[in-house]
Every structure is written in C-alpha cells, then in structure tokens.
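A.B. asks: Below are the sequence and a predicted model for it; my questions follow.
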Amino acid sequence: MKRGRCHMVRLSHLCTTGHYPGYQSMLRYLKLVIISFCLLLSAGRAAASHLFGGELLYTHQSGDLYKVTLTLYADCGTQNPILVTYLYTAHPLVTLAGGSLTDLDSIYLNPEPGTGDEVSPVCPAMIAQTYCNGGTLPGVRRFIFSDTITIPSTAANWKFQFRGYLGSGGNSAGRSSNITNIYDGNTFVYLEALLNNTQGPNSSPVYHTIPTPFYCINVLQQYNHGATDPDADSLSFALVPGLNGASSSLASVSYVYPYTPTAPMATTPGGFSFNAINGQMTFIPNIQQDALIVSRVSEYHNGILVGTSEREMTFVVQSNCNGVPPTSQVSSISGGVVTEGNIINVCVGSPNVNFVIGLTNPSGDTNEITLSGIPASASAIVHNNYTPQPTINFSWATGALPVGHYTFYVSIKTDHCPLASTQTIAYTINVAAPPQLQVTQLGGTGCVHQAPLAYNILYGFPPRTITVLSGGSTIKTLTDTTIGDTAVVRDSLPAGTYAIVVRSDVLCQDTAYLTIIDSGKIDLAPVTEDKCIYDPSLPVYIAPVKPGAAIAWFDVANNPLGTPPVVNTSVVGTYSWYFIETYSVCTSGPVPYTASVHPKPVGQITGIQPAVCYGDDVYLQATGGTEYVWHPEELIKKDTGLYIEVLQPVVITVDVQDQYGCKDTASIAITNVMQCCRFSYPNAFSPNKNGVNDGFRVVTYGNMRNYSLAIYNRWGQRVFFTADPDKRWDGTFNGEPCDIGTYYYYMDAECLTGQKEQHSGDVTLVK
C-alpha cells in the first residue's frame, strides 16, 4: 500500500514575483505548508527495505547557487522489486532549513544519467554472479540524484535534510532488512549536511571510496572515506548514531546490544579502532554481519565550522572468503615519528620527511595502488604497481609547512576472486608545534615527602619523553603517550633544583626549570590506641616521621608536658592529649592522641554438661569475645564444626579475645563419662502419620560401634533393614503399606564401650 502521494512543483512557477505586496512571505508560507503536508502524509509511506547507505553533499556553483547531490547505495540481496522499478526514476525530496521555518525551501532531485550502476566489490570475472544480476554473491547498485538550489541569505546553520522521501510514488528509502546491528532494519534513511556561508561559499568534501565495502571474518581490515576537501578546509571525523527519517523527532535507531554508534561491529576483543583525525577505521570482524556505520565529517576554515556531511555505510562481512587482504606498514622513516593510526609526526621546521609504505600480501594477489590527496609539493612514487608487492616512496619538504594535519590516501585493490579486496588507508602528516612545558608544584614536601608535581604539556606529539635532570645527571625518565595537543603527567620530587626536558624528537623539545624547597605542613593523622585494663602503664610512644624530628606533648588545656604522658591502665576510661612534631622548617600542628582503656572481656563456655555418654561428640561454643582458641588442641576435631569426642574425663579451656585485643580464659570440666549402653524394645506402632508412634525402632542409649536391625513378615520375607540406630521402619515395603499384623525382627549391636547386645522379638503393626 502506498500513502501520502503529494506532487510538488517550484512555487516560483505559481506566481509572478512582485505583483502584489507580501509575495515573498506568502511564497515561503505556502512552501512550508505544502512541504509539511507532504511529510505528514508520508509518515505512513511504504518503506522499500533495500538501502545499505548513502551520502548527502553540496557543491558551490556560483554566487548563491549550490548543487545538491544525494547518492544511495542499494542492497541487491533483498531482491526488492521497488529497487528495480522505482529507484531508477525516483525524485528524492531534500529540504533546506535555516535559522527559522520561514527560511524553509525544498527541491526534488533528479536521477543523473547512468544512475543505478553496479559497484559491487567483486572481481570482474564474477560480476555476473552477484545478486544484482541474479547470482548468489552480494551486490550493490549506486543511485545518484541531484539538482540546484539558491541559498537565500547568509547564515551559520543552513541545513540540507533528506528524510527518506523518494518522491510522488509514495515510497521511502528504507534501510536494508539485512542489516544486523540495529533493530528495525527497514527504518527510513536520514541524512543531513550543514552549511555555514557566513565565511564565504563552501563545498562538501569529495569521497574517493564507496560506503559499502565487503570484508572477510577474522582478517585485519581497514576502511577510509578517502575524503579530500576542494576548499582545502581542515577535516575532522566522528562516528554518530543513525537516525530514523520516519520519526518526527529524528530519534536514533535502536542498536542491538552490545553494539553502539562508536562500537558498531562484532570484532575480536579491542578489535575496532577509529581515528578522528583522518577517519581511519581498523578492525578484525569475527562473525558474518552487515553492520550499519554512520560517519560525520566536519569542515573547519580558520578554526570556524563551515560545513558537515554524513555518510551512512554498511560493512558487509562474509564468512566464505578464501583469501587474505594485504596489510601495509611504514618503514625507513626519517624526519618524523610514526604512531598508531598511520600518523607520521613531524615537528614544525623539520626540513624533510621520508618513508616507505610496503605491503604484506599473504594471498599473493596482484595489487593495484591508487593515490589521492597527495600534497602538491610532495612526491609519492609507486614502484612495482600491479604486482603482488608494490611499494610507495613518499618524500616531502616540510620545513615551510604551518602546523596542521595533511592527509593523503592509498587505495589497494586486489584481483582476488570472487570477492576482490579494496582498502583505502589514510596517512596523516602531523606537523606539530614544538612542545611547551609548564611545571606546577601541587603541594609542599612537608620536609619529609616528595612534592607533588604536574607537567602540563602543550603541543608536540606522542610519544613525549620527559627527562628530569639534577646537577646535569638524569634522575628519571617518563614517557607520555597521550594522543592530542595537550597532556598532563603527574610526578613528585624531593627538595632540590631540576631541569625538566620534554621531547618529541630532536627538533621538538622544551625545557622548564624548577626549584623545590622544603615547605608545608607535616601531615599526620590523629592517633588512637586501645589498651586493656591492667596492661603495663608505660609512656606513650610516637615514632618520629624522620630521625631527628622533635615531638612536644601538651594536655587538653594546652599545658606543655616535659615528658610523654603515661596512660593509667588501672582504671577503665578514655584519656586525651595532643602533640606537635617538628622537623626542619615544617611542623605538624596539634595532633590529637586518644587512648581508651577497656575492661577485661568475660568469656563463658556454653552448652556443655559435666556428665556425658562415652563417645559423645561435644560441640564447643563460647561467648564474650570475637576470637576463640580452644584447648586441648590435640583433641579438637573440625570436620563438622569444632567438637571433642569424649572417651574419658577432660577439662576444656577457651582463650577469649575481644575487638580491642583484651583477653580472658574460661574452662569447664567433663567429669562423669557414663557407659550408656542400654536398649529398649517397643512392641507395637501405628503408622497412620498422626505424629504419634508412627514408626518402629529399637531405642538405644549410648554410642554404637556396630548396629543392624532386620524386620520380617510372617512368611519370612525381609521388609526392612538398617544399620542406623536412629532410623525407623515406617510400616511400608517397596513403597507400599504393609498389612496389619505381627512382624518379627532381629537386632545385633555393639556399643563403643564394648558391650554387645543381640535381641529378637516381634512388633505389632496397628492402624
């Protein structure tokens, strides 16, 4: 079903400019009404779930005239008929919004000649085998639409918006249902581009790669837009959420856990990295997937944001690859330092930078190298192109270059079949200002510690080496790997005079000088001690912070004491003084000292009787403390808790200690160890489960060494047996109740005392 069909024409065709007052206001109002009406009706439009991604760009033509270009990349794998019959003739709607709704305008873009060409990254021999041609390999078609629009005035926030509306057919640009890292893969594509024309005309960057690359699982992969700016503006890159054009609030699409806009792919642990300087993505995918990734590129002119553009991409990861793409590496570098992300760092004023880019090619495929964005004054020569192992020699006279990032791109395309590997890798020459070092002392030494420091570094590039020298000798060396123009490194040094040198390379360094003198307060925490009543009464001892430190004592009324105080441990109570410790030019100030004298704990053994049966297990329990040590240790068993098996009279003792370390001792004697070897034989039971006399057993008094009880019915069949004197017969056999009547039993037992008992008898089962 198609809804929201709405035809729109340029409103300038409806009226003659200037024929009546308020024409321009009325024109803009009618535009707003018609556009809003179309977008409202299109909220329920049919989504063609086939798009892998796209980009919305603008190019300055002349004066206030701009060309707007929308490129959509369609997934042939959905086999969606709308892809074949509609995208070729679609007229996508792009709106222009400024600082207020009265500045709103819109255009329907027109298909460019040749739109719908196939850009599937497969080898030429397999192009006929893609989904686009009825085959089984992934396939992608590119559709390009454009038109021109006049920007009515200057503003910092002109915004071109594509909300997925594809024209009067009522269909929408739905994301491919094959996308795996978001829910509702058929949400509408939303793209926008920002223009700030207060600084003059501007054009979007040019992208040299398509946003639908194919990759293989468990292989190191790299992707880059290959973005160059026609206005030579500085570019920065960011990963942002995909937005749903069908949502009036432009809500973010819902990402499937654990994916996020900045971690959008399933990779090996730590296997996805993104460089905001040049947009480089490096990753090792570990499952088959179609991952939505949205990138925003921002343009800056003299530090002012003049434009943004977005690319919505889908990285197609296959599991049926049979080749490994090549990897590149920088070697033979001179005049600079290479760091992670293919950043070649050069200090401003360095005369030259030279390096070689080589390939490691495990599959031995032929490689085609294409370079883009090479600075005009630089030299980049490809050797052995169209071979398995080409190399690139890069050389640039950088002595006159201002501070900034200069990025060029190396595209590597193999002839592997069926999926040809295509990777674009960014290399950024980072011309950095020399580091500037400021050292901040964050606190005093207290005469006994090292002073905390902060090395505040501005500019330079990582890794930055920090060398601390005293008297010409190196005291320590630190390394800072912070990415960016600012870094803070924490350190500490004792009193002395130092030179601190921060260095990125030979030409990139700065030196700061620092003298630290002993100062500040000696930091001492209040002292508290716990003592027990009747401990020895001794003078209080405080260990000095350093040999030679002086400690002066005072009472709570600030009266000085000639000697350290003595805690009176003969009386329970709390006693307080304070002391001041001095060393060199530093003092602690008053430090409270508190001693608490605690009473002796009262230990008590519980649950033990003086008379027990021979062989009883007596479990050990006590109160009054937090820690207990039992004696005699050689008799104590621990398999089911602490207990003693009593075989003779014994005295049990426990040492009790409380939370303050105060101690007590308690004892109890077991003097009467009884033989306790007796038996009693009931003659009837009623297993009616009323809780009274429900089972039969021989009642024993004492601890058994051996025991057995067998019960038989009148036919001599054994219906019950146990070796546990505490186990009862419940009147059943094989789970079934036995008949009322007389049953015969035989019991054979031996007590721990050595006394034996054998007994046979009968018992009546009644109901």
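C.D. replies: Arrived safely, thanks for sending.
A.B. asks: mind checking how far the longest strand along the chain is from the chain centre?
C.D. replies: Looking across the chain with DSSP state E, the single longest strand is strand 46-62. Mean-position distance between strand 46-62 and its chain equals 33 Å (Cα atoms, centre = their mean, to the nearest Å).
A.B. asks: for it, packing partners?
C.D. replies: For strand 46-62, the packing partners by 3 or more Cβ pairs under 8 Å, 6 or more residues apart in numbering; DSSP states H and E come out as strand 65-75, helix 81-85, strand 158-162, strand 171-175, strand 191-195, strand 304-318. C-beta coordinates here come from the backbone N, C-alpha and C atoms, glycine included.
A.B. asks: same thing but 6 Å
C.D. replies: Packing contacts for strand 46-62, counted by 3 or more Cβ pairs under 6 Å, 6 or more residues apart in numbering; DSSP states H and E, involve strand 65-75, strand 171-175, strand 191-195, strand 304-318.
A.B. asks: For that strand, which outside residues touch it?
C.D. replies: With contact meaning Cβ atoms under 6 Å, 6 or more residues apart in numbering, strand 46-62 is reached by 2, 66-75, 78, 80, 82-83, 160, 162, 171-177, 186, 189, 191, 193, 201, 203-204, 211-212, 309, 311-314.
A.B. asks: what is the rounded mean pLDDT of that strand?
C.D. replies: Here strand 46-62 scores 83 as its mean pLDDT.
A.B. asks: likewise stretch 345-358?
C.D. replies: On average, stretch 345-358 scores 94.
A.B. asks: Confirm residue 88 sits in a strand?
C.D. replies: No. Counting by DSSP: H, G, I helix; E, B strand; the rest coil, residue 88 is not part of a strand but helix.
A.B. asks: what pLDDT does residue 655 get?
C.D. replies: Reading off the model, residue 655 has pLDDT 96.
A.B. asks: Look at the closest residue to it other than its chain neighbours and give its secondary structure.
C.D. replies: Spatially, and ignoring its direct neighbours in sequence, residue 655 is nearest to residue 629 (4.3 Å; Cβ to Cβ, 6 or more residues apart in numbering). The three-state assignment at residue 629 reads strand, by three-state DSSP.
A.B. asks: hang on, residue 629 packs against residue 656?
C.D. replies: No. Counting by Cβ atoms under 6 Å, residue 629 stays clear of residue 656, with 8.4 Å between them.
A.B. asks: re the thing from before, quick check: which of the helices and strands packed on strand 46-62 is buried the most?
C.D. replies: strand 171-175 (a mean of 28; mean count of other Cβ atoms under 10 Å).
A.B. asks: For the stretch 401-550 of the chain, which segments are assigned as strands?
C.D. replies: 404-414, 422-432, 436-441, 451-458, 464-470, 473-480, 486-493, 496-503, 509-516, 527-532, 550-554 (DSSP state E, counting those that start in this stretch).
A.B. asks: Name the residues of the fifth one that come out as buried.
C.D. replies: Going by neighbour count (16 or more other Cβ atoms under 10 Å), the buried part of strand 464-470 is 464-469.
A.B. asks: Can you tell me which of the residues you listed is nearest residue 578?
C.D. replies: Using Cβ to Cβ, residue 468 comes nearest to residue 578 of those, at 38.8 Å.
A.B. asks: Okay, and the beta partners of the closest one?
C.D. replies: Legend: beta-bridge partners of residue 468 under DSSP bridges are residue 476, residue 500.
A.B. asks: need the contact list for it.
C.D. replies: Residue 468 sits next to 475-476, 498, 500 when contact means Cβ under 6 Å, 6+ apart.
A.B. asks: One more: residue 243?
C.D. replies: By Cβ under 6 Å, 6+ apart, the neighbours of residue 243 are 190, 250.
A.B. asks: The one 3 residues further on now?
C.D. replies: Remark: with contacts taken as Cβ under 6 Å, 6+ apart, residue 246 is in contact with residue 188.
A.B. asks: Confirm that it lies within a helix, as I assumed.
C.D. replies: No. Checked against three-state DSSP, residue 246 lies outside a helix; its state is coil.
A.B. asks: and the gap between it and residue 225?
C.D. replies: For residue 246, the distance to residue 225 equals 27 Å [Cβ to Cβ, to the nearest Å].
A.B. asks: Ok, residue 464 next?
C.D. replies: In terms of Cβ to Cβ, residue 464 sits 30 Å off from residue 225.
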